[in-house]
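Asker: need a structure here:
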Amino acid sequence: MAQEGSSAITGLLREPLGNIVLWSAADKCLLGAGITLFFVSVFLVVEHALLAAHPDIAPYINAAYLAQVFWAQMVVHIGGWVTIVVAALVLRHRSPNNRMLVHATVQLFAVSLAWEAYNFGTHTTGITGVVIVTGVTFGLALFEPRSVWLAAGSFFAIVTGTTLAEQAGLIRYAPFLLEAPFQNGHLARSWLATLGGATFVLTVYALAIVGYVSDRSRRHAAQLALTTDQLARANELISRYVAQQVTEQIRLGNYDAVDRQSRRRLTLFFSDIKGFTEVADHIEAEELSEILNEYFTEMTRIAERFGGTIDKFMGDAIMIFFGAPVATHDGDHALRAVRMAMAMQGRMKELDQRWEKRGIVEPFVVRMGINTGVASVGNFGAPGRMDYTAIGRQVNLAARLQVNCDPGKILLSHATWVLVRDEIPCEPKGEIQVKGIRDPVNVYEVTAPYPIEELTPDSTTRGAAA
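Answerer: This next block holds a predicted model:
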């Protein structure tokens, strides 16, 4: 199992690390335990195999105490970290974000550090503070804060307890040392050759690992930033082909709202330019394309301002509906649809004046039809190419109303008129027979004056709906 743990840790270091913050908790614990296990193993070898066996090398070391705590150190350091490695190997596939493993790892680190701080008497130096602050910083970056602060609490409890016990004369301070490894301002060379040298080497090794992980993390962050920019650009392009409301629901994670079909009561809007083919014959293709794009841009702004879901552009025609993927109530849908149509007709007057100054003598006159009824709405198409749209008899009726509408006017079905008659002045136009509908249809024409207002790009749906 130890060999398997070593291989797993080596694999983690060799493979592209990416951002270590995004690793599973088990992988973080495995890497941390493997590195720490290497550190403590080297220290134990230096302490017991060299210093305890040859006390004359370092007379300032308490060899008798080292022999007494040898097995305790083996259990806490070697046994504890080997257990963490084994547990991490088992859990990295079964329960990769196991909280108990995280608690055990950070608690073992805190207890080991506090014990060694007591043994070597580093309370009087800045080493202990630097190590615990660094440990807490890395811990907060990698693990949940609660486990890290609990471990920090354990560390300070042990440090405080040993300090108070030493002051009360219950235990000896720095039991690993008989005296300082220096006298008369001279550092013992044996310290440099043993614990001091081991500490230096392991510190450099630790810095190398931190630098490696940090470099990988920065590279991953740079790649992530590039990917984010690419996704933002892609999202911007996709949003030009998908309705704003649909895009917003996808961003919010409400996939069911757009990735299924349902029957809903919608208010449906159709418009087209009367005699567009004849008008197009008198305009150069490049200028016609520019004018048509300008027309669609202004109509789109108005539709978004009133919260309409733009279904599609069909030549010079536009299909918009209210009530999906986000719905309020029928009256609100119908009222916003009619007010949107009125704003569009008002805007057409400004556009015609602008185009006339550019030499376009044939005005664009738009017909609009609005109907309210139950339709099937959702994704339709092939698995590789779907459209979020509405289909059904009521959709066809809205399209027929637009065809039967007088140029420059707005024609409503009876169902829509009932919902807006208290707010929008309309005039009954009698019954019409439309293709695909067996019974005659009562229709109404909006007689309210069309508002003429300058729209700004930052006009919002929310503001319009309010």
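Asker: All the helices of the stretch 351-466 of the chain, residue numbers only.
Answerer: Counting by DSSP state H, counting those that start in this stretch, the stretch 351-466 of the chain has helices at residues 393-404, 414-420, 461-465.
Asker: Among those helices, which comes closest to Ala64?
Answerer: Each of the helices of the stretch 351-466 of the chain has some distance to Ala64 by CB to CB; the shortest is helix 461-465, at 78.2 Å. Every residue, glycine included, has its C-beta placed from N, CA and C.
Asker: Regarding the chain, what is its longest strand?
Answerer: For the chain, the strand with the greatest residue count under DSSP state E is strand 365-382.
Asker: Span of stretch 164-173 from start to end?
Answerer: The first and final residues of stretch 164-173 sit 11 Å from each other (CA to CA, to the nearest Å).
Asker: hang on, the earlier thing: what I need now is the helices of the stretch 351-466 of the chain written out in JSON lines, including distance to Arg260, mean pLDDT and mean neighbour count for each item.
Answerer: Supplementary listing: these in JSON lines, determined by distance: least, CB to CB, whole Å; pLDDT from 0 to 100; neighbours: other CB atoms under 10 Å:
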{"stretch": "helix 393-404", "distance to Arg260": "18", "mean pLDDT": "93", "mean neighbour count": "21"}
{"stretch": "helix 414-420", "distance to Arg260": "25", "mean pLDDT": "96", "mean neighbour count": "21"}
{"stretch": "helix 461-465", "distance to Arg260": "23", "mean pLDDT": "36", "mean neighbour count": "14"}
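Asker: okay if I get these as CSV plus distance to Ala58?
Answerer: Listed next are the helices of the stretch 351-466 of the chain as CSV, based on distance: least, CB to CB, whole Å:
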stretch, distance to Ala58
helix 393-404, 90
helix 414-420, 93
helix 461-465, 75
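Asker: who wins for proximity to Trp81 among those?
Answerer: By CB to CB (comparing all of the helices of the stretch 351-466 of the chain), the closest turns out to be helix 461-465, at 56.4 Å.
Asker: And the most centrally placed residue in the chain, what's its pLDDT?
Answerer: For the chain, the residue nearest the mean C-alpha position is Arg251 (9.3 Å; CA atoms, centre = their mean). The model reports Arg251 with a pLDDT of 70.
Asker: Output stretch 229-238 as CSV, nothing but the C-alphas.
Answerer: Taking Å, rounded to 0.1, in the frame of the first residue of the first chain, the C-alpha atoms of stretch 229-238 are listed here in CSV:
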residue,chain,number,x,y,z
ASP,A,229,-12.5,35.3,-22.7
GLN,A,230,-13.2,32.8,-25.5
LEU,A,231,-16.4,31.7,-23.8
ALA,A,232,-17.5,35.3,-23.3
ARG,A,233,-16.9,35.9,-27.0
ALA,A,234,-18.7,32.7,-27.9
ASN,A,235,-21.6,33.6,-25.6
GLU,A,236,-21.8,37.1,-27.2
LEU,A,237,-22.0,35.5,-30.7
ILE,A,238,-24.5,32.8,-29.6
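Asker: now what about that stretch, what contacts it?
Answerer: Contact with stretch 229-238 is made by Thr247, as judged by CB atoms under 8 Å, 6 or more residues apart in numbering.
Asker: mind listing the strands for the stretch 201-350 of the chain?
Answerer: Ranges of strands in the stretch 201-350 of the chain, per DSSP state E, counting those that start in this stretch, are 262-274, 309-314, 317-322.
Asker: hmm, back to that, how close does the residue nearest to the centre of the chain get to Leu231?
Answerer: When distance is defined by CB to CB, to the nearest Å, Arg251 is 11 Å away from Leu231.
Asker: and if you look at Glu286?
Answerer: Separation of Glu286 from Leu231 (CB to CB): 33 Å.
Asker: Looking at those two, which one has more neighbours?
Answerer: Shown here are Glu286 and Leu231; by other CB atoms under 10 Å, Leu231 has more neighbours (11 against 8).
Asker: The longest strand of the chain packs against which elements?
Answerer: strand 262-274, helix 330-357, strand 385-391, helix 393-404, strand 410-413, helix 414-420 (3 or more CB pairs under 8 Å, 6 or more residues apart in numbering; DSSP states H and E).
Asker: Using JSON lines, lay out those together with distance to Leu140.
Answerer: What follows is the helices and strands packed on strand 365-382, written out as JSON lines (distance: least, CB to CB, whole Å):
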{"stretch": "strand 262-274", "distance to Leu140": "45"}
{"stretch": "helix 330-357", "distance to Leu140": "48"}
{"stretch": "strand 385-391", "distance to Leu140": "43"}
{"stretch": "helix 393-404", "distance to Leu140": "56"}
{"stretch": "strand 410-413", "distance to Leu140": "61"}
{"stretch": "helix 414-420", "distance to Leu140": "56"}
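Asker: and these, which one is worst for confidence?
Answerer: Of all the helices and strands packed on strand 365-382, the minimum mean pLDDT falls on strand 385-391 (a mean of 82).
Asker: Just the C-alphas of that strand, formatted as PDB.
Answerer: These are the backbone C-alpha positions of strand 385-391, laid out as PDB (Å, rounded to 0.1, in the frame of the first residue of the first chain):
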ATOM      1  CA  ARG A 385     -29.900  21.700 -34.200                       C
ATOM      2  CA  MET A 386     -32.800  22.900 -32.100                       C
ATOM      3  CA  ASP A 387     -34.900  26.000 -32.100                       C
ATOM      4  CA  TYR A 388     -36.800  27.400 -29.100                       C
ATOM      5  CA  THR A 389     -40.100  28.300 -30.700                       C
ATOM      6  CA  ALA A 390     -43.900  28.100 -30.500                       C
ATOM      7  CA  ILE A 391     -46.100  26.100 -32.800                       C
END
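Asker: strands paired with it, and their directions?
Answerer: When pairs are called by DSSP bridges, strand 385-391 turns out to pair with strand 365-382 (antiparallel).
Asker: quick one, strands of the stretch 51-200 of the chain?
Answerer: 182-183, 186-187.
Asker: Can you lay out the ones you listed as JSON lines showing distance to Glu116 and mean pLDDT?
Answerer: Shown next, in JSON lines, are the strands of the stretch 51-200 of the chain (distance: least, CB to CB, whole Å; pLDDT from 0 to 100):
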{"stretch": "strand 182-183", "distance to Glu116": "20", "mean pLDDT": "70"}
{"stretch": "strand 186-187", "distance to Glu116": "20", "mean pLDDT": "72"}
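Asker: closest to Thr36 out of those strands?
Answerer: Of those, nearest to Thr36 by CB to CB is strand 186-187, at 27.5 Å.
Asker: strand partners of that closest one, parallel vs antiparallel please.
Answerer: Paired neighbours of strand 186-187 in the sheet (DSSP bridges): strand 182-183 (antiparallel).
Asker: Return the most buried member of the helices and strands packed on strand 365-382.
Answerer: Of the helices and strands packed on strand 365-382, the one with the most neighbours on average (mean count of other CB atoms under 10 Å) is strand 410-413, at a mean of 29.
Asker: ok, and what's touching that one?
Answerer: 338, 341-342, 345, 367-373, 397-398, 401-402, 404-405, 420, 426, 429, 441-446.
Asker: same check, this time on stretch 396-403
Answerer: Contacts for stretch 396-403 (CB under 8 Å, 6+ apart): 268-272, 317, 319, 367-371, 373, 411-413, 434-437, 441, 443.
Asker: Now the longest strand of the chain: buried residues?
Answerer: 365-373, 375-378 (16 or more other CB atoms under 10 Å).
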